[in-house]
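[1] With the input below, show me the fold.
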Amino acid sequence: MDKVPPERAFFDVSDYARPAARWLVRWLLPTPITPIHLTLAFTVVGGCAAGLFAVQQAVPLAGLLLLLKSLLDAADGALARARGRPSRVGRFLDSVCDFVVMGVVFVGIAVGRGGGAGTFGLALLALTSATLQGSVFSYYYVRYRAESGGDTTSRVNESEATGYAWDNPRALRILHTLYTIIYAWQDQLMDWVDRRLVPSARPLRREFLTATTVLGLGAQLLVIALCAFLSRPEWALWLFPTVFNGYWLLLLIVRRYST
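    Prediction:
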């Protein structure tokens, strides 16, 4: 079920839902429920959280729904791997739905806090920042998986819409196009930046990977959930463009000068 071999595992801050996801996958294995069902379910759950933010009702419950989203998100790929049927359709659908959830959540928070032009502008900046930060984590995680002989469903270079024999070609093309529009420029940017930071292609260390997991989607949802538990979801709109942008820039400096 895991993406890297046990001997190459590292502590992942953003993967706090993994133990519960393993339990859920074991329970789902003999059922007809598919990973796609879980992906669509976490999209609905994220949309419900966004709705609660927008109407400013049961805001702490919205935070709990985001944590449930993380659980379902951890389980969809694990279920595919447990059944021995990884899917490129599922890989791209997962990423597109992640973006949709983050988008509607930030919009929901903005609507709940007045919905003025300035608030929506801040929400857009937060979404762009969070998406780029997630790409920093994803880039290094995908590279590490390739270096360690782990899961290869995701690739550093996603320019080709190639899939497995059981992937629907039409769905794959559509989802790959959407992925390219949302994420391709960020993947290319990270590859360009890292090659210039470390021309010798220095192997990735576990400690560095752990540091990048603070930027993972699970960690991002946890930050928003904590703000929701404090009844201050709007704080998340400021944290991603400021604190977390500064954090990932610091990570790049560490990557450049670490041995």
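
[2] The biggest helix by length in the chain: which residues count as buried?
    Among the segments of the chain that qualify as a helix by DSSP state H, the longest is helix 117-147. Under the neighbour-count criterion of 16 or more other CB atoms under 10 Å, helix 117-147 has 119-120, 122-127, 129-145 buried. For glycine as for every other residue, the C-beta is placed from the backbone atoms N, C-alpha and C.

[3] Quick check: mean pLDDT of whichever helix or strand comes after it?
    With elements assigned by DSSP states H and E, the helix or strand that comes after helix 117-147 is helix 169-179. What helix 169-179 shows for mean pLDDT is 94.

[4] Run through who's touching the helix or strand following helix 169-179.
    Following helix 169-179 in sequence order, the next helix or strand is helix 185-197 (DSSP H and E). For helix 185-197, contacts defined as CB atoms under 8 Å, 6 or more residues apart in numbering pick out 131-132, 135-136, 138-140, 156-158, 201, 252, 255-256.

[5] now, among the residues you listed, which is nearest to residue 4?
    When those are compared for distance to residue 4 (CB to CB), residue 140 wins out at 12.3 Å.

[6] all helices in the stretch 1-150 of the chain, in order from the N-terminus.
    Assigned by DSSP state H, counting those that start in this stretch, the helices in the stretch 1-150 of the chain fall at 18-28, 35-55, 59-82, 88-112, 117-147.

[7] Quick one: distance of the last one to the chain centre.
    Going back to what we said before, that points to helix 117-147. Offset of helix 117-147 from its chain centre (CA atoms, centre = their mean, to the nearest Å): 8 Å.

[8] and that helix, what does it pack onto?
    Helix 117-147 makes packing contacts with helix 88-112, helix 185-197, helix 206-212, helix 217-229, helix 235-239, helix 245-257 when contacts are defined by 3 or more CB pairs under 8 Å, 6 or more residues apart in numbering; DSSP states H and E.

[9] How about the shortest one?
    Packing contacts for helix 18-28, counted by 3+ CB pairs under 8 Å, 6+ apart, involve helix 59-82.

[10] Next: the fourth one.
    Counting contacts by 3+ CB pairs under 8 Å, 6+ apart, the secondary-structure elements packed against helix 88-112 are helix 35-55, helix 59-82, helix 117-147, helix 169-179, helix 217-229, helix 235-239.

[11] chain center to that helix, what's the gap?
    Here helix 88-112 is found 9 Å from its chain centre; the criterion is CA atoms, centre = their mean.

[12] For the protein, give me the ranges with low pLDDT.
    Across the chain, the ranges flagged by pLDDT under 70 are 1-2, 152, 259.

[13] cutoff 50 now
    Within the chain, no range satisfies pLDDT under 50.

[14] re earlier: put together a markdown table for the helices and strands packed on helix 117-147, with distance to residue 179 and mean neighbour count on each row.
    Formatted as a markdown table, those follow (distance: least, CB to CB, whole Å; neighbours: other CB atoms under 10 Å):
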| stretch | distance to residue 179 | mean neighbour count |
| --- | --- | --- |
| helix 88-112 | 5 | 23 |
| helix 185-197 | 9 | 15 |
| helix 206-212 | 20 | 18 |
| helix 217-229 | 15 | 22 |
| helix 235-239 | 24 | 19 |
| helix 245-257 | 21 | 14 |
